[in-house]
Structures are given as structure tokens and as C-alpha cells.
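Visitor: Quick one: sequence plus predicted model below, questions after.
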Number of protein chains: 2
Amino acid sequence: MPRPRSPLLSVDAIVRAALFLVDSTGDFSTPKVAKELGVSQAALYNHIDNREHIIELMRGLVFSERQHLDTESLPWDEALRTLAHEYRDCLVDHPRLVPLLVAQTVRDLGVMRIYEDMATVLAKAGLAPSAIVPAITTLDYLVLGSALELTAPEVVWSPPQGLFPMLSEAIADLGSPAERSNTAFSFGLETLLAGIRQVTKTGF
Amino acid sequence: MPRPRSPLLSVDAIVRAALFLVDSTGDFSTPKVAKELGVSQAALYNHIDNREHIIELMRGLVFSERQHLDTESLPWDEALRTLAHEYRDCLVDHPRLVPLLVAQTVRDLGVMRIYEDMATVLAKAGLAPSAIVPAITTLDYLVLGSALELTAPEVVWSPPQGLFPMLSEAIADLGSPAERSNTAFSFGLETLLAGIRQVTKTGF
DNA sequence: ACCTGAACACCGTTCAAGT
DNA sequence: ACCTGAACACCGTTCAAGT
């Protein structure tokens, strides 16, 4: 079956198939993507460069679905909270993608757009120019980290036989991964906001 | 060359060889580890279970070299700062290990020990029990994220032709990856401390 | 332009065989 | 107990050949 009149494949189809595999199995491979789409392995390379390229395209796909709420009229902390949630929301349905994203540098313009919006808000907050990238970076860690938490097994950190009393106690009444992820994200975000408030007053 | 009287291999040798490969190339494979040690691929499996096991052992190795400073007598924020730095210091010489660690759940007791110490300090700080794990988790993201930053190329986020003015400006005078990582870590840590201070007063 | 089949070097793991 | 060689299924990528 050579060259059909209408292409069997497209970049979009490849990326969606790869993302489907990541979501359902935690990883993807080019043979599996090809099989999923009913084509030969080699056919993929007419549309994409290599594996890394597919990952970068998945990043783009996931963040292209971001909600763009208007934050112009909001106070800076409310605006930053909104942006952080929009950012995180892109990942909550695809937490198993995070390890792949984290192993590779960002090239996607969708993510860049979020960073730009955050930079705008932070400048408006009165944060020193030199602290803007550190603040965005910290938020970035928080979003990716808390999304990663969603992939964790139900019981995480099971400390053996009372060697870690404080930890055991703190873990005792933790909820599901989803709850833990939400709580940690909220906590991290609110402390960051509080910290930024402090820093804009006292300097850094 | 079957069964020599003194074993050619050991868990420790395997783990160190793997870590050497990760540090120098960004990844490792069982054939390469075997080659590095001058044995057959199959020989490894007399000492380790599988690839994941090697990664877990690398985590253990890296964190076994942690400095254990006495934080008992310090005020809680100073103590937490110290612990966070000890934790991060374990990773700064092995930043390329981070993507491998992040893809896998923690089983290592050395890391657990750090968490336990942090839990103790946070309880002493007067943080609500339900906020202790979120705080540790946030710190965890911060440490791993900032270590990951060390693997970034010199120029990160190169936004194309003035589409992202705020970001471009904020990026303008950034230092090396090492400096960026340090700054982001300090910033994240100090804002977290400020946030915890706030939260212990006002509740969460 | 866009597909197939065949091929390559590589990877993780197992297993029978040796001492 | 601890090694080797051979084998297996799998992976990423290339390339000649087809229309």
C-alpha cells in the first residue's frame, strides 16, 4: 500500500496517539505509535523528526488547551493564582507526561506565553526585575511537581516500623494522590504569594 | 572466565559505574555499565534486580553522602534552611540524575531521613499537622527543580523576536545555569519560609 | 509527497551451561 | 555463588524502493 491519495498520517494524529499511550501506559515508543495508527514505523519519519520532537509536540498540544482568562483587571496575587491554576490544569489530565517533559528543555511557545503573562503580573506586583525569573521558576517547579504527585501510588513514603515517627504521624491522615496534589499545590502557591508580598516590601 | 575466586562485581561497583555514566552522558544502560566494568551484560543480574533497582540505588548513594549538621539548637527557619541546603547539596554534583529520580517513587531510607528531619522542624515551627506534608512536598519540588536547572543549556527560554517583551527583559541579565539555579532555589526557599511564618500566625 | 519492508545498532532481561 | 555466551522481544532511525 504505497502513497495513498489522501495521507494516512499527520503530525496531529501522531502526537495524539503518543499522548494516548503516555496517558494509558506511562510511556510511548515509535513502534507502538505506528501500530496504534496502523502504519509502518518508518512512516512516522515523514512527519516528525525524532522521539524528542514528538515529546515537544505533546507539550505544545497539552498547553494549547489552556484557558485564557482575563487577568488584567485583577489584583496581582489573584491574577497570579489564576495563571498558576490555568498552567496546572493543563497537566492534571496528563500527569504521566511530566517525567518526559522534565527531561527536556522547553521550546514550546504556549508555555512561553504563560511565562510571559506571569512576568507581566509579577512586574505589576512590584517585584524587582532580578527576582522575576526566580519567581517564575519556583512556580514552574511547583506546577510540575504537584502534577507529578498525581502519578504517585496511593500509599507513598511508607516508612518502615516506626523509624520515622514525625513523618508517620504527618502522613497518617493524607488523602488520595489527587487530594495530596491539590493540597500541596495550594500550600506552595499561597506561601509563595505570601513570600512575594513580603519580598516586595522588604526587598530581596 | 567462569566464577573467579574473588567476585569481579559488586552492587557498589555497578551503582558507581551507572552514576558515572549518568553524570557524564546524561543516561545509562545495562550494556554500557557492563562494558565499563569489563563483564558480560548478564553478570549484572547476579547483583541487581533490574534497571529501576539501579536507579533506586543511585538515589541511595547520592543521599548517603549528605552532611548531617546539628539543627537541634537552631531556630526553626534556620534549621529548615540548613536541611534544605543539605538536601540540595546532594544533587548539585549529579543534576543529570534528577530526571531519572523524578520518574520513580522514593524507596530510599536516606531521603526518608531528610523528610523526617524536616517534619520535626516544621512541627517545632508550629505548623499545623495537616500542613506538614504539603510543606515538605513543596520543598521537595524546589530542591529537585532547582537541581534540574543545572542541566539546562546556557541560554534557556530564548523567546523569538520580541513576542514576549516582559520575559525577554527579565531574562536579559541572567547568569549561568549554576547562578540561576542558586538564585531560584534561594528565592523559593526564602519565600517558602516567609509563607510558613505567615501561615503559622494566621492559619491555613 | 508519502508510504512499505528490510535493515542496523542498541536496549533490558532470561536462561542454560560452566566452575 | 557468580560468571559467560546465546538468545529474545523490543526500541529508534535510516534507506532503497514503490507510486
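Guide: Done, it's in.
Visitor: Okay, A:Gln67 and A:Asp117: tell me how far apart.
Guide: The spacing between A:Gln67 and A:Asp117, counted by CB to CB, to the nearest Å, is 12 Å. No exception for glycine: its C-beta is placed from N, CA and C like everyone else's.
Visitor: Revised request: answer the last question for A:Leu163.
Guide: 45 Å.
Visitor: again with A:Val133
Guide: Taking CB to CB, one finds A:Val133 at 14 Å from A:Asp117.
Visitor: between those two, which one's more packed in?
Guide: Counted by other CB atoms under 10 Å in any protein chain shown, A:Val133 and A:Asp117 do not tie: A:Val133 has more neighbours, with 25 against 22.
Visitor: To what extent is the closest residue to the more buried one other than its chain neighbours buried, counted in neighbours?
Guide: The shortest distance from A:Val133 to any residue other than its chain neighbours is 5.1 Å, reached at B:Ala170 (CB to CB, 6 or more residues apart in numbering or on different chains). When neighbours are defined as other CB under 10 Å, B:Ala170 has 27 of them.
Visitor: can you check A:Leu91 too?
Guide: Residues lying near A:Leu91 (other CB under 10 Å) number 21.
Visitor: got it, and the one 4 residues further on?
Guide: Burial measure for A:Pro95: 22 neighbouring residues, criterion other CB under 10 Å.
Visitor: pretty sure it is in contact with A:Ser146, am I right?
Guide: No. Taking contacts as CB atoms under 8 Å, A:Pro95 lies outside contact range of A:Ser146: 9.3 Å.
Visitor: domains for chain A, by residue range?
Guide: Following automatic domain parsing, one finds the domains of chain A at A:11-48, A:68-202.
Visitor: Could you check the shortest one and say which residues are buried?
Guide: Under the neighbour-count criterion of 16 or more other CB atoms under 10 Å in any protein chain shown, domain A:11-48 has A:13-19, A:21-22, A:28, A:30, A:33-34, A:36-37, A:39, A:44, A:47-48 buried.
Visitor: start to end distance for it?
Guide: 7 Å (CA to CA, to the nearest Å).
Visitor: do the same with stretch A:43-54
Guide: Taking CA to CA, stretch A:43-54 runs 14 Å from one end to the other.
Visitor: any bit of it sitting next to chain B?
Guide: No. Under the criterion of CB under 8 Å from any CB of the partner chain, chain B is not reached by stretch A:43-54; the shortest gap measures 12.5 Å.
Visitor: how far is that stretch from where the chain is centred?
Guide: Its chain's average C-alpha position is 22 Å from that of stretch A:43-54, according to CA atoms, centre = their mean, to the nearest Å.
Visitor: Then stretch A:14-26?
Guide: Centre to centre, stretch against its chain (CA atoms, centre = their mean), the figure for stretch A:14-26 is 15 Å.
Visitor: A:Thr200 - how many residues pack around it?
Guide: A:Thr200: 16 surrounding residues under other CB under 10 Å.
Visitor: nope, A:Glu86 is what I was after
Guide: The number of residues packed near A:Glu86 is 18, by other CB under 10 Å.
Visitor: likewise A:Asn182?
Guide: A:Asn182: 18 surrounding residues under other CB under 10 Å.
Visitor: Residue ranges in chain A under the pLDDT threshold?
Guide: A:1-5, A:154-158, A:161, A:202-204 (pLDDT under 70).
Visitor: can you do 50?
Guide: Across chain A, residues meeting the criterion (pLDDT under 50) sit at A:1-3, A:204.
Visitor: And the strands in it?
Guide: Ranges of strands in chain A, per DSSP state E: none exist.
Visitor: Is there proximity between the longest helix along chain A and chain B?
Guide: Scanning chain A for the helix with the most residues, using DSSP state H, yields helix A:177-202. Yes. Interface with chain B: helix A:177-202 contributes A:180, A:183-184, A:186-188, A:190-196, A:198-199 (CB under 8 Å from any CB).
Visitor: Out of those residues, grab the one that's most surrounded.
Guide: A:Gly188 (29 neighbours).
Visitor: Surely that one touches A:Leu144?
Guide: No. Between A:Gly188 and A:Leu144 there is no contact under CB under 8 Å: 11.4 Å.
Visitor: joint contacts of these two?
Guide: Common contacts of A:Gly188 and A:Leu144 (CB atoms under 8 Å, 6 or more residues apart in numbering or on different chains): B:Tyr141.
Visitor: excluding its backbone neighbours, what's nearest A:Gln41?
Guide: Leaving aside its chain neighbours, A:Gln41 sits nearest to A:Ala34 (4.6 Å; criterion: CB to CB, 6+ apart).
Visitor: if I pick that neighbour, what's in contact with it?
Guide: By CB under 8 Å, 6+ apart, A:Ala34 lies in contact with A:40-41, A:43-44.
Visitor: I'd like to know how far it sits from B:Met166.
Guide: Distance, A:Ala34 to B:Met166, using CB to CB: 42 Å.
Visitor: Tell me the gap between stretch A:52-69 and the middle of its chain.
Guide: 9 Å.
Visitor: DNA strand D: which of the contacts of A:Ala34 is nearest?
Guide: Among the contacts of A:Ala34, A:Gln41 lies closest to DNA strand D (CB to the nearest atom of the strand), at 4.0 Å.
Visitor: for that closest one, what are its contacts?
Guide: So A:Gln41 contacts A:30-31, A:34 (CB under 8 Å, 6+ apart).
Visitor: Run a quick neighbour tally on A:His68.
Guide: 10.
Visitor: Please name the nearest non-neighbouring residue to it.
Guide: Using CB to CB, 6+ apart, the nearest residue to A:His68 is A:Glu86, at 7.6 Å.
Visitor: Please report how far the one you found lies from A:Leu127.
Guide: 20 Å.
Visitor: out of the buried residues of domain A:11-48, which touch DNA strand C?
Guide: Restricting the buried residues of domain A:11-48 to those touching DNA strand C (CB under 7 Å from any atom of the strand) yields A:39, A:47.
Visitor: Just the buried residues of domain A:11-48: which are in helices?
Guide: Mapping the buried residues of domain A:11-48 onto helices (DSSP H) picks out A:13-19, A:21-22, A:30, A:33-34, A:36-37.
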